[in-house]
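1. model this:
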Amino acid sequence: MQNRIRSDPYRTTLVCIDSAQEGLLTGRVYHPYLPSGAEFNNLMQFLLIMEDLLDKLQFPQSFTAHRSFRMQPEPAPPLPSENEPHTGKIATFSVRVIFRQNASWQGSVTWLEEEKEENFRSVLELVLLMHSATSPEDTHNQTQTSA
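-> Modelled structure (predicted):
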């Protein structure tokens, strides 16, 4: 069953990081529901794009009900995807959200350039994994020694 989840393109989102200056990630998100991509200029925009996409897909369903004063739209049918591969200027990640429990996401992220895959248990862990791949190695060590 795990291989079936991994091979389904509708369960995988491609995240292209184009800039990572001072920890501020900017880039694009691609998915069959977003064939022309969606740009983000900061982490909050990235998280909102992803959460909106997961809500539209209704998979994985959220463990907790999303509360809003607005009616939730019905999911749109998928659009045909482009055949052109997308890559980030700094890094490219394949993100698979398998569960949405405890008001967060759980799944796996693959750093495509390095062919490294890690599981994440929360959105924070996902962000820290992406940050570790896009920032110089010395940044983490400097933070620990100055604290």
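2. Can you tell me the centre-most residue of the protein?
-> residue 95 (5.0 Å; C-alpha atoms, centre = their mean).
3. helix/strand/coil for it?
-> Taken by DSSP: H, G, I helix; E, B strand; the rest coil, the conformation at residue 95 corresponds to strand.
4. That one against residue 16, yeah?
-> No. At 11.2 Å, residue 95 and residue 16 do not qualify as touching, with contact defined as C-beta atoms under 8 Å. In short, each C-beta sits where N, CA and C put it, glycine included.
5. how much space between the closest residue in space to residue 10 that isn't next to it in sequence and residue 129?
-> Nearest in space to residue 10, with sequence neighbours left out and distances taken as C-beta to C-beta, 6 or more residues apart in numbering, is residue 32 at 5.5 Å. Separation of residue 32 from residue 129 (C-beta to C-beta, to the nearest Å): 24 Å.
6. same question, residue 118
-> 5 Å.
7. who touches both of the two?
-> Taking C-beta atoms under 8 Å, 6 or more residues apart in numbering as the contact rule, residue 118 and residue 129 both touch residue 109.
8. Looking at the two, which has the bigger crowd around it?
-> The residue with more neighbours, out of residue 118 and residue 129, is residue 129; 19 against 13, by other C-beta atoms under 10 Å.
9. for that one, helix, strand, or coil?
-> State at residue 129, reduced to three classes by three-state DSSP: helix.
10. quick check: longest helix of this structure.
-> helix 43-57 (DSSP state H).
11. Which strands or helices does that helix pack on?
-> Here helix 43-57 touches strand 12-21, strand 24-31, strand 34-40, strand 91-99, going by 3 or more C-beta pairs under 8 Å, 6 or more residues apart in numbering; DSSP states H and E.
12. so what strands line up beside the third one?
-> When pairs are called by DSSP bridges, strand 34-40 turns out to pair with strand 24-31 (antiparallel).
13. bridging residues for residue 116?
-> For residue 116, the beta-bridge partners are residue 111 (DSSP bridges).
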